[in-house]
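1. Quick one, what's the 3D model for this:
(2 chains, ligands or ions: 1)
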Amino acid sequence: MLIRRKPDLTEADVTDPAWYARRREFLQGTAALLLTAGGLRPARAGHGGRRLDFRPRPDLAVPDALTDYTDVTTYNNFYEFGTDKASPAELAGRLTTDPWSVTVDGEVARPGTYALEDLLKPHPLEERIYRLRCVERWSMVIPWIGFPLADLITRVEPTSRAKYVAFTTLYRPEEMPGQRRHVLDWPYVEGLRMDEAMHPLTLLAVGLYGEVLPNQNGAPLRLVVPWKYGFKSIKSIVRIHFSERQPMTTWHKAAPHEYGFYANVNPEVDHPRWSQKRERRIGEFRKRKTLPFNGYAEQVAHLYAGMDLRRFF
Amino acid sequence: MDAERMARLRLLVFVAALAPALWLAWALFADRLGANPFEALTRRSGEWTLRFLLLTLLMTPLRDWTGWRWPVRLRRMLGLYAFFYGTLHLFTWLWFDQFFDWPAIVEEIVKRPFITAGMGALLILLALAATSTRGMMRRLGRRWKPLHRMVYVAVLLAVLHHFWLVKADLLWPTIYAVIAGALLGHRLWRRVRRPGRLPAATALSRS
Ligand code: HEM
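-> Model prediction:
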């Protein structure tokens, strides 16, 4: 699949130290590099996972170069498998993702525990290329396969009292060794305001790079909210709960002054320990300027009209 | 230990202590540092700084426990290595994280307590490295020892730096803090138990 895109290389891409480019060249082969430089995306060869059927959504694809598959799948914050970024790729292999079921409950007309297949069946998959910005000042560009969360929400018919959606990650210390230590208050919980959850950019992902999600990336079902810091995009979801009150979320509970409920990408609001003005795109040398709402301001800024984003960080 | 064996030991330690830096340089070019190699450089060099600082502080207790004299004779080299890795650590941050944006750097040092603590620790190491020669020892005379006791402050700042920078997992900062606590505790205990006596004499009389 060759998709033509407009060339988007900036000065910064060109001025990377030459040896750094060579390092990538060494990894990817010259062909891939030349194609990227020419504004073409290399055909995405298989990476060993099960292929998915999907429809590309070029209208929802950022023009930036994709982050290397290897980097996307070996540099992960998934504390359920350990706190360093290499652990998930090493340890997530033994996670059982089939069978899998997801409980939908709370303020909803059609609660229940759904087998993953049943949950996914009605939803055609599409590929969207999103930026992912981690609160730790690094970012990636990832071709996700998934469907809008809004479609699922509509299907389960939340009541008028549903103002928030909370998601819970699997708790299974036998298979998730990171959960054997109380680093965070397991199980991991994240949440969105209803209008954020219903936003067309908010994605439930089941795959990346054309294949089912590798376990370390949150198989079999994860959230992707591209305008928020990565920790909002909860992995390996087993519960979706609708509520009237704002849910208590895991990182917010762990350090309330460092991680807010909203966690919108915002270069103007520092993390207490670092500035959020810049980020390192994985695979690049120079840092990039971080964009408000991670570059999705046009689509999402209205959700927060009139809110003090310093207070609701 | 005779002079020749001491010289050989020194050479061995010198090479061994340089190995992590050589490995890091090799790993950077061989793409063995993962997806974010520059962040990895900062982290690994920070860890080695702390390890060498603790190794330096281990030499005196080691002498006290064993009666051997060679550990103390390695102390200066190990301390200089702590400074070397600390400088590398700072430099990776100045370059790959801040890209020599000096106003931003000053702001970070003032604004972020973990950076302030790290900077404090490194400045102390700089002062100690600069006064670590025989010439400086002679020139400073009686003031040399109290000055070099500042290494205790440096290690406390380094441990604080580590605690303040981690996101949620306090395991490693705690491990290093316990080691630092034991090494500093040994000195306190020695003072309380044998006030006024030379540590070397203590060690000899016990062995
Ligand atoms: C004696 C002095 C210092 C020691 C012993 C030290 C030690 C450490 C250690 C152990 C780490 C953690 C590495 C890890 O996460 O595995 C670290 C990280 C770090 N240090 Fe230092 N450090 C010192 C001085 C400094 C200075 C002077 C600066 C900057 C001005 C600095 C900036 C940082 C930064 C930015 C990180 C990485 C934080 C992160 O990636 O989350 N350190 N240091």
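
2. CA atoms for contacts and neighbours, from now on please.
-> Noted.

3. which stretches of chain A have low pLDDT?
-> A:1-45 (pLDDT under 70).

4. where exactly do the strands run in chain A?
-> Applying DSSP state E to chain A gives strands spanning A:55-61, A:101-106, A:112-115, A:126-133, A:138-148, A:164-169, A:189-193, A:203-208, A:211-212, A:222-224, A:237-243, A:278-281, A:288-289.

5. Show me what the third one is packed up against.
-> Counting by 3 or more C-alpha pairs under 8 Å, 6 or more residues apart in numbering or on different chains; DSSP states H and E, the packing neighbours recorded for strand A:112-115 are strand A:101-106.

6. and residue A:287, what does it touch?
-> The neighbours of residue A:287, taking C-alpha atoms under 8 Å, 6 or more residues apart in numbering or on different chains as the test, are A:278-281, B:97.

7. farthest-separated two in those?
-> A:281 and B:97 (12.3 Å; C-alpha to C-alpha).

8. Sticking with residue B:120, tell me its helix or strand.
-> Element membership for residue B:120, per DSSP states H and E: helix B:113-130.

9. for residue B:20, same thing?
-> Following DSSP H and E, one finds residue B:20 within helix B:3-29.

10. Just give me how far that helix sits from the chain centre.
-> 16 Å (C-alpha atoms, centre = their mean, to the nearest Å).

11. Just checking it against the ligand, any contact.
-> No: remark: helix B:3-29 sits outside contact range of the ligand, by C-alpha under 6 Å from any ligand atom, the gap being at least 13.9 Å.

12. for the next helix or strand after that helix, which positions count as buried?
-> From helix B:3-29 onward toward the C-terminus, using DSSP H and E, the following helix or strand is helix B:37-66. In terms of neighbour count (16 or more other C-alpha atoms under 10 Å in any protein chain shown), helix B:37-66 has its buried residues at B:37-42, B:44-64.

13. got it, and stretch B:181-197?
-> For stretch B:181-197, by 16+ other C-alpha under 10 Å, it's B:183-184, B:186-187, B:190.

14. Likewise for stretch B:114-121?
-> Neighbour counts over stretch B:114-121 (16+ other C-alpha under 10 Å) mark B:114-121 as buried.

15. Give me the mean pLDDT for that stretch.
-> In this model, stretch B:114-121 has a mean pLDDT of 97.

16. how about it, does it reach the ligand?
-> Yes: residues of stretch B:114-121 are located near the ligand by C-alpha under 6 Å from any ligand atom, namely B:115, B:118-119, B:121.

17. Now the two most distant members of those residues.
-> B:115 and B:121 (9.8 Å).

18. Give me the most central residue, chain B.
-> Centroid-nearest residue in chain B, with C-alpha atoms, centre = their mean: residue B:53, separated by 2.0 Å.

19. Quick check: pLDDT value at it.
-> 98.

20. so which of the buried residues of stretch B:114-121 would you say is closest to chain A?
-> Nearest to chain A among the buried residues of stretch B:114-121: residue B:114, at 7.4 Å, using C-alpha to the nearest C-alpha.

21. Residue B:155 - how many residues pack around it?
-> If you count neighbours by other C-alpha atoms under 10 Å in any protein chain shown, residue B:155 ends up with 24.

22. Get me the contact residues on chain B for the ligand.
-> With C-alpha under 6 Å from any ligand atom as the criterion, chain B meets the ligand at residues B:39, B:42-44, B:46-47, B:49-50, B:86, B:90, B:93, B:115, B:118-119, B:121-122, B:158, B:162, B:165.

23. For chain A, what's the nearest residue on chain B?
-> Closest to chain A within chain B is residue B:35: 5.1 Å, counting by C-alpha to the nearest C-alpha.

24. Show the pLDDT at that residue.
-> Here, the pLDDT recorded for residue B:35 equals 94.

25. wait, what's in contact with the nearest residue to it once chain neighbours are set aside?
-> Of all residues not flanking residue B:35 in the chain, residue A:71 sits nearest, at 5.1 Å (C-alpha to C-alpha, 6 or more residues apart in numbering or on different chains). For residue A:71, the contacting residues are A:282, B:34-35, by C-alpha under 8 Å, 6+ apart.

26. And residue A:123, by the same measure?
-> Residues near residue A:123 by C-alpha under 8 Å, 6+ apart: A:147, A:151.

27. Quick check: phi and psi on it?
-> Dihedral angles of residue A:123 (phi, psi; degrees, to the nearest 10) stand at phi -110, psi 110.

28. separation between it and residue A:152?
-> Counting by C-alpha to C-alpha, to the nearest Å, the separation of residue A:123 from residue A:152 is 8 Å.

29. Quick one: name the residues of the stretch 201-313 of chain A near chain B.
-> Proximity of the stretch 201-313 of chain A to chain B, by C-alpha under 8 Å from any C-alpha of the partner chain, involves residues A:254, A:272-274, A:282-283, A:285-287.

30. Residue B:105: which of those is nearest?
-> Ranked by distance to residue B:105 (C-alpha to C-alpha), these are led by residue A:274 at 11.2 Å.

31. residues contacting the nearest residue to the closest one once chain neighbours are set aside?
-> Residue nearest to residue A:274 in three dimensions, not counting chain neighbours: residue B:112, with 7.2 Å by C-alpha to C-alpha, 6+ apart. By C-alpha under 8 Å, 6+ apart, residue B:112 lies in contact with A:272-274.

32. Repeat that for residue B:92.
-> Residue B:92 touches B:38, B:41-42, counting by C-alpha under 8 Å, 6+ apart.

33. Could you pull up the residues touching residue 157?
-> Answering for chain A, as no chain was given. Residues in contact with residue A:157 (C-alpha under 8 Å, 6+ apart) are A:108-110.

34. try again with chain B
-> By C-alpha under 8 Å, 6+ apart, residue B:157 lies in contact with B:117-118, B:120-121.

35. swap in residue A:187?
-> Taking C-alpha under 8 Å, 6+ apart, one finds A:168-171 in contact with residue A:187.

36. Scan these and report the most crowded one.
-> In terms of neighbours by other C-alpha under 10 Å, the contacts of residue A:187 top out with residue A:168 at 23 neighbours.

37. Chain neighbours aside, what residue packs nearest to the residue nearest to the centre of chain B?
-> residue B:82 (5.3 Å).

38. Make TSV out of the contacts of residue B:112 and add neighbour count.
-> TSV is the format used below for the contacts of residue B:112 (neighbours: other C-alpha atoms under 10 Å in any protein chain shown):
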residue	neighbour count
A:272	13
A:273	18
A:274	18
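
39. JSON lines for those, including distance to the ligand?
-> Shown next, in JSON lines, are the contacts of residue B:112 (distance: C-alpha to the nearest ligand atom, whole Å):
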{"residue": "A:272", "distance to the ligand": "12"}
{"residue": "A:273", "distance to the ligand": "9"}
{"residue": "A:274", "distance to the ligand": "9"}
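
40. and of these, the nearest to residue A:82?
-> residue A:273 (21.9 Å).

41. Against residue A:144, how distant is residue A:209?
-> 7 Å.

42. Neighbour count: those two, which is higher?
-> Higher neighbour count among residue A:209 and residue A:144: residue A:144, with 26 against 23, using other C-alpha under 10 Å.

43. Using the three-state scheme, assign residue B:143.
-> helix (DSSP: H, G, I helix; E, B strand; the rest coil).

44. residue contacts, it?
-> Contacts of residue B:143 (C-alpha under 8 Å, 6+ apart): none.

45. One more: the one 4 residues further on?
-> With contact taken as C-alpha under 8 Å, 6+ apart, residue B:147 is in contact with residue B:128.

46. Check the gap between it and residue B:83 for me.
-> Note on residue B:147: its distance to residue B:83, by C-alpha to C-alpha, is 16 Å.

47. same check, this time on residue A:83
-> Distance of residue A:83 to residue B:83, given as C-alpha to C-alpha: 28 Å.

48. Over to residue B:68?
-> Going from residue B:68 to residue B:83 by C-alpha to C-alpha gives 25 Å.

49. neighbour count winner among those two?
-> More crowded of residue B:68 and residue B:83, by other C-alpha under 10 Å: residue B:83, with 25 against 17.
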